[in-house]
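Student: no FASTA, just this:
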């Protein structure tokens, strides 16, 4: 019979009463194993064309699409709250979506203009980007589609061009979220060749073919465009060993940080990645997770602030260095009050 490595340190009751260190807030603070700070958070934000625009997203209460001027204001708010990074996702005009996705690497596309505006106005905040073709794809997929097949190698070529355009715009962190094979190595080689040696890559390494993404697709306008599903490139939710192979590969190809997506349903993956590789590990608390908490909170079924904080602490407990979450400013404000 195996024994806990801590078994010999615990005296029998009543010499040991584990409730002693729970008896007061002061004692609980002293023995707390994990902490949550504003610096653990990355705020995903949606940008849309126009000026002074804030569009509600019905499936994500409290989240809006913002025009670039409003996005700059949000970036300043984030920096003032101690949030170190935002992640930009564009809502692309459907007229600009094509099957070849060339708008994805247009130097003056909405995302790249937003990057430049934020870095000019709030240089201290890190700007993370999304590298995938779905916001620009008439088929709604993360890759180029031909005869019903999502093409890997042709997509990687497009993603490299997209990454270079974002690098030139001033991005701090590239976030390849497409799940094509070989894209990390191709992007790393390309940005190194162009002199972007300090540009970090946070790879969406273990991105699952999840049902939790629905509200996000509403937010970026991809829901109606998607033809079929993404199961040939996103991961099977039943698999864990595959995630470890993907992490090992992406690190070998030049990823600096690893992301698991979605978040709470995949805390086991977060912990396994951190325990196995010891690398900077992040999770994305995705739109469906956010929407469920908000719906329950708005109906009075749960205490919204407490469930928000508990859900985010779960990521830290699982070993994550940080969390992408739509709750970032709300959580940072709550932490600032404590």
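Tutor: Okay, I see it. Everything numeric here is computed off the predicted structure, so don't read it as measured data.
Student: residue 82 reaches residue 38, doesn't it?
Tutor: Yes: under the criterion of CB atoms under 8 Å, residue 82 makes contact with residue 38 at 3.7 Å. Where you see a C-beta, it was placed from the backbone N, CA and C, and this is true even at glycine.
Student: quick one: which of those two has more around it?
Tutor: Just comparing residue 82 and residue 38: by other CB atoms under 10 Å the higher neighbour count belongs to residue 38, 18 against 14.
Student: low-confidence ranges, the stretch 101-250 of the chain, go.
Tutor: Residue ranges of the stretch 101-250 of the chain with pLDDT under 70: 222-224.
Student: how about the helices in it?
Tutor: For the stretch 101-250 of the chain, applying DSSP state H, counting those that start in this stretch gives helices covering 110-121, 152-169, 183-193, 214-220, 241-253.
Student: what residues does the second one touch?
Tutor: Translated: helix 152-169. With contact meaning CB atoms under 8 Å, 6 or more residues apart in numbering, helix 152-169 is reached by 101, 104-107, 109, 111-113, 115-116, 119, 129, 131-133, 142-144, 146, 174, 176, 178, 180-183, 186-187, 190-191, 194, 196, 199, 233.
Student: swap the cut-off to 7 Å and go again
Tutor: By CB atoms under 7 Å, 6 or more residues apart in numbering, the surrounding residues in contact with helix 152-169 are 101, 104-105, 107, 112, 115-116, 129, 131, 133, 143-144, 174, 176, 178, 180-183, 186-187, 190-191, 194, 196, 199.
Student: can I get the helices of the stretch 101-250 of the chain in JSON lines with mean neighbour count and distance to residue 229?
Tutor: What follows is those, written out as JSON lines (neighbours: other CB atoms under 10 Å; distance: least, CB to CB, whole Å):
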{"stretch": "helix 110-121", "mean neighbour count": "21", "distance to residue 229": "25"}
{"stretch": "helix 152-169", "mean neighbour count": "21", "distance to residue 229": "17"}
{"stretch": "helix 183-193", "mean neighbour count": "19", "distance to residue 229": "20"}
{"stretch": "helix 214-220", "mean neighbour count": "21", "distance to residue 229": "12"}
{"stretch": "helix 241-253", "mean neighbour count": "16", "distance to residue 229": "18"}
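Student: out of those, which is closest to residue 9?
Tutor: For residue 9, the closest of the helices of the stretch 101-250 of the chain is helix 241-253, at 31.5 Å, according to CB to CB.
Student: next, the angle from the closest one to helix 183-193.
Tutor: Using axes from the mean of the first three to the mean of the last three CA atoms, to 10 degrees, the inter-axis angle of helix 241-253 relative to helix 183-193 is 10 degrees.
Student: re earlier: can you list the helices of the stretch 101-250 of the chain in TSV and add distance to residue 87?
Tutor: Output for these, formatted as TSV (distance: least, CB to CB, whole Å):
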stretch	distance to residue 87
helix 110-121	11
helix 152-169	12
helix 183-193	17
helix 214-220	12
helix 241-253	18
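Student: which one of those helices lies closest to residue 308?
Tutor: Closest of these to residue 308 is helix 214-220, at 16.3 Å (criterion: CB to CB).
Student: residue 91 - how many residues pack around it?
Tutor: Residue 91, neighbours per other CB under 10 Å, totals 21.
Student: contacting residues for it?
Tutor: Applying CB under 7 Å, 6+ apart to residue 91 gives the contacts 46-48, 65, 220-221.
Student: can you check residue 215 too?
Tutor: Shown in contact with residue 215 (CB under 7 Å, 6+ apart): 57, 59-60, 287-288, 291.
Student: residues contacting stretch 325-338, please?
Tutor: Contacts for stretch 325-338 (CB under 7 Å, 6+ apart): 36-38, 41-44, 60, 63, 77-78, 81-83, 285, 290, 305, 308-309, 312.
Student: stretch 267-282 too?
Tutor: Defining contact as CB under 7 Å, 6+ apart, one finds that stretch 267-282 is touched by 202, 206, 240, 243-244, 247, 251, 256-260, 283, 314-315, 318-324.
Student: ok, of these, which come out buried?
Tutor: Buried members of the contacts of stretch 267-282, scored by 16 or more other CB atoms under 10 Å, are 202, 206, 243-244, 247, 251, 256-260, 283, 314-315, 318-324.
Student: show only the entries of these found in strands.
Tutor: Among the buried ones among the contacts of stretch 267-282, DSSP state E puts 202, 206, 257-260, 283, 322-324 in strands.
Student: before we move on, the earlier item: in the contacts of residue 215, find the pair that's most separated.
Tutor: Taking CB to CB as the measure, the contacts of residue 215 have their most distant pair in 57 and 288, spaced 12.8 Å apart.
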